[in-house]
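Enquirer: following is a predicted model, sequence given first.
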Amino acid sequence: MNYNMEDTQNSAPGSLPPSQAAKLAPRRAPEGQSTTKRLQTELMQLMCSAAPGVSAFPVDAGDLSIWNATIDGPDDTPYAGLTFKLTFNFPNNYPYAAPTVLFKTPIYHPNVDFSGRICLDILKDKWTAAYNIQTVLLSLQSLLGEPNNASPLNGEAAELWDKDPEEFKKKVLGRHRDVDDE
Amino acid sequence: MASKANRDNLQEVEDSTDWLNTPLAPLAAVESALRCQVCTEFYTTPMITSCSHTFCSLCIRRCLSIDGKCPGCRAPDQELKLRSNWPLEEAVDAFKKARSGLLEHARKPVIIGRSSPKRKLDCVQENEADDGPRKRTRSSSKRTATASQQTVVVDSEQEDEDYIPNDGLVACPICNGRMTEMAIDRHIDQCNGIPPATSDSRSKPRASATFSTSSKTFSKPERLPHLSYSMFKDNNLRKKLSELGISANGPRQLLEKRHLEWVSIWNANCDSKNPRTKFELKQELDKWERTQGSAWVASNSHKPGSQLLDKEFDGLAWSSAHDDSFKELIAKARRKPPTGSIAPPESQSPRNAVSDDAIVEATPPRTTDYQMGGYSAPTTTLSSTSAEQLSGDLVAGLKNHDLPSRGPATADSIANMGDVAIRKSNMASARPLQP
Ligand SMILES: [Zn+2]
Ligand SMILES: [Zn+2]
Ligand SMILES: [Zn+2]
């Protein structure tokens, strides 16, 4: 059970000093580098045939390392009708390492803390290189309807989910608000 | 230079969505099935795992060297157990060869009367003349879509590919240089990847599609063993790297990662039936060093995902390392029809624009039939398959209190996932071509 996020990859970005190591890489043009290639392909496929209820797009041209994404709350869940924004940060060695994914839209959920950090196994020890943006989004979407209450980041939410669905729904609606893109 | 890089880049973005909105839309699923889930490129030297998943040799070797698990199902596996998937490789080669011609064909508004048998013959000949004896390397993205290739058919017998000069010499498996049998052993020991000078301009045949090449009679370079790094002091490890002919500079962790990557690259090359030169392999390592390598060094752990712990994302380095023809990519996507039901977020959404600069010449979309074919989004057969599998697995995992636990339900679902994958890929490839 992991209540603190210290040792997860979803630690808040920016809380640590810039990596010295990243500077080892000379700034040179790519030659069909595999991470770029993969993200380009993912973008193409998301644009042409995204699964219903999810979307993702790079934040700005020329940098495929940061993406915005959205998830529509699934029907028949307390999140129905709500849309959630997220950010994806891709490491240089993606897909061999997982992206860092954060909820930007405030969300009341047993497995998401108040900074938007997510406790989800496939973003941590169960990540594999065969996952992609879309599979992550779909997994998160199903997490909305099926929280893992055994290891909550938000204990109250975990409790209310089981004990008081109405109150839970109220909290969800109370917390939800649209966020601007920075 | 820059524009060339862009163009190459753009071509590399060729993917299965290219078939959408053409009469050959079902080929999107075929193409998806021929692409690796890890790198999303056409399989390069596909290898089959113990759990019967397939990935490029390099991709799966990298994955296994990270966590010893199949990326498709997380079953434990070992590099030693990987086996070549020759028929798949053959299918990939054939498809790649047919691709640009087929695509051009598919995008032509009128296609009647263009492919008489005579014409076909001409094309094959033209192709041979175009390509010459030196085949495109498998990773190359250069697909020159000349008009003559429109009618190219998947033709297994192209003489030039198997071209072995009848010169009484043998080819070095590393650099392909030709020399006498006497000379070869000594040469291999010190081969730097550059073939010794020779007067024969056809001395570098790059066999590609068929498996009957006689190069098999030459001994391939041997696979490198993995090292248990804890047994090596810094100096010994550096010495080891020097012996292998790769850089021995940098912090300890980089040395280990570099060695690991080199072993993956090297051994994947050993799997290949068209081995690249050591020189090319070193270029590949350089590429890794400039991009992924840095991310690994930032990590204190071999666990995937954890490297972000001690690293703030260096966006600048990333974006220069991953410089890309982003705008062209978007432009290209715009030219394609959306088939999903979700627009990309934000104002940049290219999707509204899609229908505007519609693909006028293209025949009306038949993607509908295609989408109703029992499996979901056409372009992502593989990824949507895995989406289902994996989110199914996720749910199973969650119900068995996911985190580090690996309950039996996960094993079950893993077994199911395998079945689903097989059924699905059967469906995809058994599907008749005509929409
Ligand atoms: Zn691959
Ligand atoms: Zn597997
Ligand atoms: Zn040689």
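Expert: That came in fine, so what should we check first? Here the structure is a predicted model, which is why all the values come from computation and not from measurement. Ligands and ions are numbered 1, 2, ... in the order given.
Enquirer: near ligand 3 at all, stretch B:181-193?
Expert: Yes: using CB under 5 Å from the ion, stretch B:181-193 reaches ligand 3 at B:Cys191. The C-beta positions use only the backbone N, C-alpha and C, and glycine is treated the same way.
Enquirer: list the buried residues of that stretch.
Expert: When burial is assessed from 16 or more other CB atoms under 10 Å in any protein chain shown, stretch B:181-193 yields the following buried residues: B:184, B:187-188, B:191, B:193.
Enquirer: and those, which is closest to ligand 3?
Expert: Among the buried residues of stretch B:181-193, B:Cys191 lies closest to ligand 3 (CB to the ion), at 3.2 Å.
Enquirer: shaky segments in chain A?
Expert: Confidence mapping of chain A against pLDDT under 70 gives the ranges A:1-33, A:181-182.
Enquirer: ranges for the strands of it?
Expert: Counting by DSSP state E, one finds strands in chain A at the ranges A:54-60, A:63-72, A:83-89, A:100-103.
Enquirer: out of these, which gets nearest to ligand 3?
Expert: Counting by CB to the ion, ligand 3 lies closest to strand A:63-72 out of the strands of chain A; the figure is 37.7 Å.
Enquirer: partner strands of that closest one and their direction?
Expert: Its sheet considered, strand A:63-72 pairs with strand A:54-60 (antiparallel), strand A:83-89 (antiparallel) by DSSP bridges.
Enquirer: contacting residues around the residue of chain A found nearest ligand 1?
Expert: As assessed by CB to the ion, ligand 1 sits closest to A:Ser34 within chain A, at 8.1 Å. With contacts defined as CB atoms under 8 Å, 6 or more residues apart in numbering or on different chains, the neighbours of A:Ser34 are B:39, B:41, B:291-292.
Enquirer: for B:Glu256, same thing?
Expert: Contacts here follow CB under 8 Å, 6+ apart; on that basis B:Glu256 touches B:229, B:237.
Enquirer: try it again with 6 Å
Expert: When contacts are counted by CB atoms under 6 Å, 6 or more residues apart in numbering or on different chains, B:Glu256 touches B:Tyr229.
Enquirer: which helix runs longest in chain A?
Expert: helix A:34-49 (DSSP state H).
Enquirer: specify the angle between that one and strand A:54-60 in degrees.
Expert: Orientation of helix A:34-49 against strand A:54-60 (axes from the mean of the first three to the mean of the last three CA atoms, to 10 degrees) gives an angle of 130 degrees.
Enquirer: same list (the strands paired with strand A:63-72) but as CSV, adding distance to B:Asn267.
Expert: As requested, these are exported to CSV (distance: least, CB to CB, whole Å):
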stretch, distance to B:Asn267
strand A:54-60, 34
strand A:83-89, 31
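Enquirer: hmm, back to that, for the buried residues of stretch B:181-193, which one is nearest A:Leu102?
Expert: For these, the closest approach to A:Leu102 (CB to CB) belongs to B:Gly193, at 44.7 Å.
Enquirer: so B:Leu227 sits in a strand?
Expert: No: with DSSP: H, G, I helix; E, B strand; the rest coil as the criterion, B:Leu227 is assigned coil and is not in a strand.
Enquirer: and it, how many neighbours?
Expert: Taking other CB atoms under 10 Å in any protein chain shown as the criterion, the count of residues near B:Leu227 is 15.
Enquirer: and if you look at B:Cys70?
Expert: Around B:Cys70 there are 24 residues (other CB under 10 Å).
Enquirer: quick one: contacts for it?
Expert: Contacts of B:Cys70 were listed using CB under 6 Å, 6+ apart, and they are B:49, B:51, B:53, B:77.
Enquirer: where does the residue lying closest to the third one once chain neighbours are set aside fall, phi/psi-wise?
Expert: The spatial neighbour of B:His53 that comes closest, neighbours along the chain excluded (CB to CB, 6 or more residues apart in numbering or on different chains), is B:Gly72 at 3.6 Å. Comment: the main-chain dihedrals of B:Gly72 come out as phi -80, psi -30, following degrees, to the nearest 10.
Enquirer: in the stretch 201-350 of chain B, where is pLDDT below threshold?
Expert: Counting by pLDDT under 70, the stretch 201-350 of chain B shows low-confidence ranges at B:201-220, B:296-350.
Enquirer: quick check: the residue of it nearest ligand 1.
Expert: As assessed by CB to the ion, ligand 1 sits closest to B:Ala268 within the stretch 201-350 of chain B, at 9.7 Å.
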